[in-house]
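Chemist: A structural model of the following input is requested.
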Amino acid sequence: MLLRRALVSALLLVGLTALSAAAQDGEWTLLFDGSSMDGWSHVGEGSFVLEDGVLRTQGGMGLFWYTGRKLGDAVVEVEYRSPDSSNAGVFIRIPERPSDPWMPVNRGYEVQINPVGDATHRTGTLYSLTEAQAEAGGGDGWNTLTITLDGERTVVHVNGTLVTDYTEGDPVPPKEEDYEPDRGPRPAEGYIGLQNHGEGDTVYYRRVRVRPLEE
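Modeler: Numbers count the residues shown, from 1 in each chain. This is a model prediction of the structure:
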């Protein structure tokens with residue numbers, strides 16, 4: 001009898017665990033699922049093209065941003081491919097609806113995609129602001145960029161490897177180039193966007209999704 005009860009309890013635990021996992025998976029909301037560019041808008045030069053369920057950048061510099069809403073505490077997941085180490089970035093914490101591609105550079109954060117660069121300019125860093133804690137690939141194949149927005153804290157994983165853990169007010173290096181972002185705090189809630197960087201840079205995106213941050 002005790003053995004049967006233990007077996008029943010174990011089966012119930014497995015079932016509850018599976019239900020919990022399914023519910024967690026169900027919390028993801030697709031912002032781009034490969035079928036439509038609805039809910040997105042583009043500013044700046046160049047454009048994004050939808051081909052066989054994948055977004056492809058061309059020309060630049062521009063930003064393809066999600067118009068639906070600002071994101072606060074959330075996890076953002078982007079799948080991308082950067083052949084030949086093409087340059088681009090995923091923008092977060094953009095305070096206002098962007099009217100040009102440079103406002104997000106200076107008032108939001110760019111999570112770098114390009115794997116070529118020094119420790120503050122490579123894949124998974126907040127471009128020119130944070131130093132990579134690890135090298136995490138980001139080459140020709142498909143990669144997963146996971147960005148956790150937790151109040152004033154921004155955490156970035158690339159292919160499961162922690163690259164950035166930054167909290168507003170942490171020390172950052174001085175701005176050295178005109179094209180680097182202005183220093184200063186960013187909002188806890190903002191728009192997100194995908195960059196097309198320029199001529200000769202081609203980056204592909206095949207899924208963008210978001211879920212609320214677990215408490």
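
Chemist: Could you list the low-confidence segments of the chain?
Modeler: 1-26, 137-139, 215 (pLDDT under 70).

Chemist: What ranges does it have for its helices?
Modeler: Along the chain, the segments classed as helices by DSSP state H run 2-26, 102-107.

Chemist: tell me the contacts of the nearest residue to V156 once chain neighbours are set aside?
Modeler: Residue nearest to V156 in three dimensions, not counting chain neighbours: T164, with 3.9 Å by C-beta to C-beta, 6 or more residues apart in numbering. Quick note: C-beta positions are derived from backbone N, CA and C, even for glycine. The neighbours of T164, taking C-beta atoms under 8 Å, 6 or more residues apart in numbering as the test, are 111, 124-126, 130, 132-133, 154-156.

Chemist: For those, which PyMOL command selects only the ones that are buried?
Modeler: In PyMOL syntax, the buried subset of the contacts of T164 is picked out as below (16 or more other C-beta atoms under 10 Å):
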select buried, resi 111+124+125+126+130+132+154+155+156
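
Chemist: Tell me which of the contacts of T164 fall in strands.
Modeler: Applying DSSP state E to the contacts of T164, the entries found in strands are 111, 154-156.

Chemist: For the chain, just list every one of the strands.
Modeler: Under DSSP E, the chain gives strands at 29-32, 40-44, 47-51, 54-58, 62-66, 74-81, 89-94, 109-112, 142-150, 153-158, 161-167, 191-196, 204-212.

Chemist: how about the first one: buried residues?
Modeler: When you say that, I think you mean strand 29-32. Quick answer for strand 29-32 (16+ other C-beta under 10 Å): 31-32.

Chemist: Please name every helix or strand in contact with that strand.
Modeler: strand 204-212 (3 or more C-beta pairs under 8 Å, 6 or more residues apart in numbering; DSSP states H and E).

Chemist: picking up where we left off before, mind putting the strands of the chain in JSON lines, distance to D100 included?
Modeler: As requested, the strands of the chain are arranged in JSON lines below (distance: least, C-beta to C-beta, whole Å):
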{"stretch": "strand 29-32", "distance to D100": "22"}
{"stretch": "strand 40-44", "distance to D100": "6"}
{"stretch": "strand 47-51", "distance to D100": "15"}
{"stretch": "strand 54-58", "distance to D100": "17"}
{"stretch": "strand 62-66", "distance to D100": "8"}
{"stretch": "strand 74-81", "distance to D100": "22"}
{"stretch": "strand 89-94", "distance to D100": "12"}
{"stretch": "strand 109-112", "distance to D100": "15"}
{"stretch": "strand 142-150", "distance to D100": "23"}
{"stretch": "strand 153-158", "distance to D100": "23"}
{"stretch": "strand 161-167", "distance to D100": "25"}
{"stretch": "strand 191-196", "distance to D100": "12"}
{"stretch": "strand 204-212", "distance to D100": "21"}
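
Chemist: Which one, of the ones you listed, ends up nearest to K175?
Modeler: Of all those, strand 109-112 sits nearest to K175, with 13.5 Å by C-beta to C-beta.
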